[in-house]
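K.L.:
A predicted structure for the sequence below; I have some questions about it.
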Amino acid sequence: MNKDILNSKKIAAEKAVEHIKDGMVVGLGTGSTIYFAIQKIGKYVKEGLQIKVIATSHQTESLALEQSIPMTSFAHVDGIDLTIDGADEVDTNFNLIKGGGGALLREKIVADASKEFIVVVDESKLVAQLGKFFLPVEVLPFGMEKTMQKLHHLGCHPTIRVTNNKPFVTDNSNLIIDCAFKFIEHPQSLHNQINSIVGVVDNGLFINMANKVIVGCFDQTVKVLESKPL
Ligand code: 5RP
């Protein structure tokens, strides 16, 4: 990955970590931007920061454990104080496409359970309209051919995500169908239409969930954007 992009991800992630306070339950997303947040949190934990973390993927869990960050689960906490996560696209209304790393379902569960949801991105992720990035949809393996046809009828080109010549399997033992829409005019109604297809578990549109977007710019400055009240 280009050095400027990597550094922009790093400065955005590290800025978000400044919002973590002692005693918090923190949700941690998945991906290359969150990697930098985990490294910074690990450093603070070694210096005495007292937090518990809920991870959105096996990948994040093992990175957090490598840093000796204390983990917890929904069985042990009532809710999450703050979640930090990346995104594939962010529009001007703070609607997101997520799931490039295949963790969208757990990411949405964790974001939904959080009092505050901070999104961290490099500036290339900011868009006027969502949809240039494919929309990931998590589906059950059973009947996925039929599910895929129904997604196609919504006006996209759907393809099953493949890694190392095999279908990509999520942490929930499901598949991901990447839907190329090119542009998404009405994110909320598309979200609802997709999730009403039998066989779909969830899709990567996160509507009205983010409270803040922290953007790492290529000139190495950081912008903190606050969501407008509805
Ligand atoms: C994983 C995600 C990621 O947040 C998204 O793909 C961005 O990843 P990265 O920080 O590597 O650019 O939604 O499911």
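P.N.:
It's in. Numbering: from 1, shown residues only.

K.L.:
The longest strand out of those in the chain and the ligand in contact?
P.N.:
Using DSSP state E to define each element, the chain has its longest strand at strand 114-122. No. Counting by Cβ under 6 Å from any ligand atom, the ligand has no neighbours in strand 114-122; the shortest distance is 7.3 Å. Any C-beta I mention is one placed from the backbone N, CA and C, and that applies to glycine too.

K.L.:
Direction included, what does that strand pair up with?
P.N.:
Paired strands of strand 114-122, with direction, are strand 80-85 (parallel), strand 212-216 (parallel) (DSSP bridges).

K.L.:
Could you take those and lay them out as a markdown table, with extra columns for distance to Q188?
P.N.:
Shown next, in a markdown table, are the strands paired with strand 114-122 (distance: least, Cβ to Cβ, whole Å):
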| stretch | distance to Q188 |
| --- | --- |
| strand 80-85 | 20 |
| strand 212-216 | 18 |
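
K.L.:
packing partners for whichever helix or strand comes after the longest strand of the chain?
P.N.:
For strand 114-122, the following helix or strand on the C-terminal side (DSSP states H and E) is strand 135-139. Secondary-structure packing of strand 135-139 (3 or more Cβ pairs under 8 Å, 6 or more residues apart in numbering; DSSP states H and E): helix 104-112, helix 144-153, strand 175-180, helix 187-195, strand 200-203.

K.L.:
Compare those and give me the one nearest the ligand.
P.N.:
Among the helices and strands packed on strand 135-139, helix 104-112 comes nearest to the ligand, with 5.2 Å by Cβ to the nearest ligand atom.
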